[in-house]
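# Provided below for reference: sequence and predicted model.
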Amino acid sequence: MPSLSFFDALLPFFKWCDDTWLGNGIRNSRIYFPIIETFHLFALTLLFGAVVILNLRLFGLILRRQPISQLALDLAPWIRWNVVVILASGIMLFLSEAMKCYASEPFRFKMVFLFSALLFHFTIFRWVTRAGEGRMNPIWNWATGVLSLTLWFGVGLGGRAIGFL
């Protein structure tokens, strides 16, 4: 008897999501999905902007007089609130096409990158950016920045691929 993969075991959950009143309401409306997607993409753009600024500062390419720890504190509310909007709108978009997402490799790719990016950002990245000037080896800053950008751009790439593949 073949064993189910982790993702196969989630099929009942995806079916349930696809059949929720919210998912049906969004799917059966001509305007809800594009409105929600607009908020989703706008918040994603703002989040990417804040993340790119922090990473360019980690690389020492911009705002060299601004301490990275202060810049991280200044951008933290932008990052937090945009993550909230992205997750809320993303859940609504997912509910409206859960079965499409179940069969989508780009969706799986995006979810792996999203989980990894959030975990990395709110642990290691936060620790590095709030450590203070001169407390981190420049190589560590560079490696953190490269991994951060790779993870966040992986989220964006996976998201765009959902609509096209």
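Structure's in. What do you need?
# use CA for all of it now, contacts and neighbours both
Fine.
# Just the CA atoms of the helix or strand hosting residue 12, as PDB, please.
If you go by DSSP states H and E, residue 12 is part of helix 11-18. What follows is helix 11-18, C-alpha atoms only, in PDB (Å, rounded to 0.1, in the frame of the first residue of the first chain):
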ATOM      1  CA  LEU A  11      -5.900  17.300   0.400                       C
ATOM      2  CA  PRO A  12      -8.900  17.300   2.800                       C
ATOM      3  CA  PHE A  13      -7.800  20.700   4.200                       C
ATOM      4  CA  PHE A  14      -7.500  22.200   0.700                       C
ATOM      5  CA  LYS A  15     -10.900  20.900  -0.200                       C
ATOM      6  CA  TRP A  16     -12.400  22.400   3.000                       C
ATOM      7  CA  CYS A  17     -10.700  25.700   2.300                       C
ATOM      8  CA  ASP A  18     -12.000  25.700  -1.300                       C
END
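# Longest helix in the protein, please.
The longest helix of the chain (DSSP state H) is helix 68-96.
# What angle do helix 11-18 and it make with each other?
If you take axes from the mean of the first three to the mean of the last three CA atoms, to 10 degrees, helix 68-96 sits at 90 degrees to helix 11-18.
# Show me which residues of helix 68-96 are buried.
Neighbour-count burial for helix 68-96, counted by 16 or more other CA atoms under 10 Å, picks out 68-69, 71-72, 75, 78-79, 82-83, 85-86, 89-90, 92-96.
# before we move on, the earlier item: after the helix holding residue 12 comes which helix or strand?
Once helix 11-18 ends, the next helix or strand along the chain (criterion: DSSP H and E) is helix 21-27.
# Now do that next one: which elements does it pack against?
When contacts are defined as 3 or more CA pairs under 8 Å, 6 or more residues apart in numbering; DSSP states H and E, helix 21-27 sits against helix 32-58, helix 68-96.
# Report the contact partners of residue 50.
Residue 50 makes contacts with 75, 78-79, as judged by CA atoms under 8 Å, 6 or more residues apart in numbering.
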